[in-house]
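Asks: what follows is a predicted structure for the sequence shown.
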Amino acid sequence: MRYIKYKILLVFIGMMLFSTSCDENFAEINRDPTVANNIDPNFQFTFVQLRTSGGRYENWRAGLIYSSMMIQHLAATCGYWAGDKYTYNGGYNSSLFDRAFGEQVKDVVDLINTLQTTDVGDETMLGMARIWKVVIFHRLTDLYGDIPYFEAGKGAIEGIDFPAYDSQESIYLDMLNELEEGVNQLGVGGYGEADLIYGGDVDKWRKFGNSLMLRLAMRLSEVDAATAQTYASKAIAGGIMDSNDDDAYILHSNGPEGINKNGIGEVLDKANGFGDDCPRLSDTFVNWMSSKDDPRLEIIAIPSDSTGVIAGMPNGLDEALLAENPTGTSVDDFSRINPAIVRVSSPMMFMTAAEAQLLSAEAAVRGWHGGDASSLFSDGVALALGIWMHYDPALALDEATISEYVDANSLDESDALSQIGWQYWAATFLNEYEAFSNYRRSGFPDLTPVDYPGNITNGQIPLRLASNPGEATLNPSWQSAADRQGLSTDFPSHMSVPVWWDK
């Protein structure tokens, strides 16, 4: 198993861990005097990959409680599961913002600075680090809009305590450039087994970098189609992920504590994690899969306790509303996620070949390259059904089952974008940041909002998360970014304001 190769490495990483608080300003999270100088870039790359996978804190709050619920993968009656009720919790909203800038950003920026200014490492290591930097920042800007980018993470390097906020447009253009240049730097060398994603396989990194370029290019489809087409074409021509062997994920283990546990598993794994029993699968998700005889449903869901059948819970309910619900009046009437896919040792997915092929199919539908949209769509769907082998070989679907489903769900050119959107939504289950972002970009799947009493969005699915309110008073550049985006100091209202690429 892959984690055995990294056992000694992870022990060393554990020795590197330092405490990081959820401070409300960049003066604190941008500097950490306890960080050692000249850390071996191999260990630092492993460290930042694990930090990006994240812990229970942000995976629970920004990932599950908000993103998965707003996108109607999950539902819950517990009040603190606020995402499908469109209510505001400041700490939950800003959880990824706080953790990423406090941990991921400054470490990847420091790593890149070390590789650029010293004689340690090689060009391939730098290229991989630049690609990984995009993984971190694109999730942040997709959730929060304009963020500190060009000056972020440079507190210890340049003494920038309050980095300027940059426009999402400028961030996206730079991230696309970083991916193009980062992929071009990939050659001989790299991190070897210190790379938890591909074990140093440069060819897979090249596909991953190009696939990320395609994802980011398609994010611009409705706001800057010319740039989207340019970079989508470059990415596809350079070679994108086309096999489940290319899927980008970290295979976690059951520890060490705080180092190598899957953050989603830390929330939902009753045997080894916190064991939050509130969420159930959404009826939107279950009903769509049931309508298509989707074989993934029996992998993702377990039968409800009371009826013994798989059933999804409607979104937007609390305990009082559940008592009046005609499809089930107890949480025991609805299905939990299969524990086998939410263990602390489960893989954390960052991007899959299924996503890449479905995005390529969409680009073909738009006429942005000469590939066959129907074949690309079928390939993407088949790959999406193959993802579960990464979680447990016993969950792998056989080829006949996959082929039968693919044949029954071929692309209809008259409804192509909708079909692609729905399948992408299914393929990104448990990759909730991406599911939420692609929904806002594409408008698919066609979700029905809820109108929970006291919601703050007038019954509309939120359009972003709100960053840390402390930024409004502590970072001098926050106000200009707020003005540019149409945001006020009423942070709950931010959830109703679209980000730049969301048209």
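Replies: Nice, I can see it.

Asks: so what's residue 267 closest to, chain neighbours aside?
Replies: Leaving aside its sequence neighbours, residue 267 sits nearest to residue 60 (Cβ to Cβ, 6 or more residues apart in numbering; 4.5 Å). Heads up, the C-betas are built off the backbone N, CA and C, glycines and all.

Asks: let me know the distance separating the one you found from residue 261.
Replies: As defined by Cβ to Cβ, to the nearest Å, residue 60 lies at a distance of 13 Å from residue 261.

Asks: and if you look at residue 95?
Replies: 17 Å.

Asks: about what we covered before: now the residue nearest to residue 267, what's its secondary structure?
Replies: At residue 60 the chain is in helix, as set by DSSP: H, G, I helix; E, B strand; the rest coil.

Asks: quick one: contacts for it?
Replies: If a contact means Cβ atoms under 8 Å, 6 or more residues apart in numbering, then residue 60 has 95, 263, 266-267, 274, 276 as its contacts.

Asks: pLDDT at it, what is it?
Replies: pLDDT recorded at residue 60 is 98.

Asks: circling back: redo the contacts of residue 60 as JSON lines? Include pLDDT, secondary structure and neighbour count.
Replies: JSON lines is the format used below for the contacts of residue 60 (pLDDT from 0 to 100; DSSP: H, G, I helix; E, B strand; the rest coil; neighbours: other Cβ atoms under 10 Å):
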{"residue": "95", "pLDDT": "98", "secondary structure": "helix", "neighbour count": "24"}
{"residue": "263", "pLDDT": "96", "secondary structure": "helix", "neighbour count": "22"}
{"residue": "266", "pLDDT": "95", "secondary structure": "helix", "neighbour count": "25"}
{"residue": "267", "pLDDT": "97", "secondary structure": "helix", "neighbour count": "24"}
{"residue": "274", "pLDDT": "87", "secondary structure": "coil", "neighbour count": "14"}
{"residue": "276", "pLDDT": "97", "secondary structure": "coil", "neighbour count": "19"}
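
Asks: nearest to residue 468, of those residues?
Replies: residue 95 (9.4 Å; Cβ to Cβ).

Asks: so that closest one sits against residue 61, correct?
Replies: Yes: between residue 95 and residue 61 a contact is recorded at 3.9 Å, counting by Cβ atoms under 8 Å.

Asks: next up, the contacts around the most centrally placed residue in the chain.
Replies: Closest to where the C-alpha atoms of the chain average out (Cα atoms, centre = their mean) is residue 433, at 3.7 Å. The contact partners of residue 433, taken as Cβ under 8 Å, 6+ apart, are 62-63, 67, 96, 139, 142-143.

Asks: how about it, phi and psi?
Replies: phi -60, psi -40 (degrees, to the nearest 10).

Asks: pLDDT at it, what is it?
Replies: pLDDT recorded at residue 433 is 98.

Asks: equivalent analysis for residue 259, please.
Replies: As predicted, residue 259 sits at a pLDDT of 79.

Asks: do residue 131 as well
Replies: 99.

Asks: ok, residue 182 touching residue 127?
Replies: Yes: between residue 182 and residue 127 a contact is recorded at 4.4 Å, counting by Cβ under 8 Å.

Asks: mind listing the shared neighbours of the two?
Replies: Joint contacts of residue 182 and residue 127 (Cβ under 8 Å, 6+ apart) are residue 209.

Asks: ok, residue 415 to residue 162 distance?
Replies: For residue 415 relative to residue 162 (Cβ to Cβ), the value is 48 Å.

Asks: over to residue 128?
Replies: Separation of residue 128 from residue 162 (Cβ to Cβ): 30 Å.

Asks: quick one, which of these two is more surrounded?
Replies: Counting neighbours by other Cβ atoms under 10 Å for residue 128 and for residue 162 shows that residue 128 has the greater number, 30 against 18.

Asks: what about the more buried one, which SS state?
Replies: Applying three-state DSSP: residue 128 is helix.

Asks: now do the same contact list for it.
Replies: Residue 128 neighbours (Cβ under 8 Å, 6+ apart): 45, 182, 186, 190-191, 195, 205.

Asks: please narrow the residues you listed to those residing in helices.
Replies: Among those, the members falling in helices (DSSP state H) are 45, 182, 205.

Asks: run a quick neighbour tally on the second one.
Replies: Read it as residue 182. Neighbour tally, residue 182, other Cβ under 10 Å: 26.

Asks: using CSV, write out every CA atom in stretch 139-151.
Replies: The C-alpha coordinates for stretch 139-151 follow below in CSV (Å, rounded to 0.1, in the frame of the first residue of the first chain):
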residue,chain,number,x,y,z
ARG,A,139,-10.1,26.8,-4.3
LEU,A,140,-9.7,30.0,-2.3
THR,A,141,-10.6,32.4,-5.0
ASP,A,142,-13.5,30.2,-6.2
LEU,A,143,-15.0,30.3,-2.7
TYR,A,144,-14.2,33.9,-1.7
GLY,A,145,-13.7,35.9,-4.8
ASP,A,146,-11.0,38.6,-4.6
ILE,A,147,-8.3,37.5,-2.2
PRO,A,148,-4.7,38.3,-1.4
TYR,A,149,-2.6,36.5,-4.0
PHE,A,150,0.5,38.2,-5.4
GLU,A,151,1.7,39.3,-2.0
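
Asks: end-to-end on stretch 484-493?
Replies: 15 Å (Cα to Cα, to the nearest Å).

Asks: repeat that for stretch 268-285.
Replies: 19 Å.

Asks: that stretch: which residues count as buried?
Replies: By 16 or more other Cβ atoms under 10 Å, the buried positions in stretch 268-285 come out as 268-269, 273, 276, 278-285.

Asks: could I get those as a markdown table with distance to residue 379 and secondary structure?
Replies: Shown next, in a markdown table, are the buried residues of stretch 268-285 (distance: Cβ to Cβ, whole Å; DSSP: H, G, I helix; E, B strand; the rest coil):
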| residue | distance to residue 379 | secondary structure |
| --- | --- | --- |
| 268 | 31 | helix |
| 269 | 32 | coil |
| 273 | 35 | coil |
| 276 | 36 | coil |
| 278 | 37 | coil |
| 279 | 31 | coil |
| 280 | 32 | strand |
| 281 | 27 | strand |
| 282 | 27 | strand |
| 283 | 29 | helix |
| 284 | 26 | helix |
| 285 | 23 | helix |
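
Asks: lovely, talk soon.
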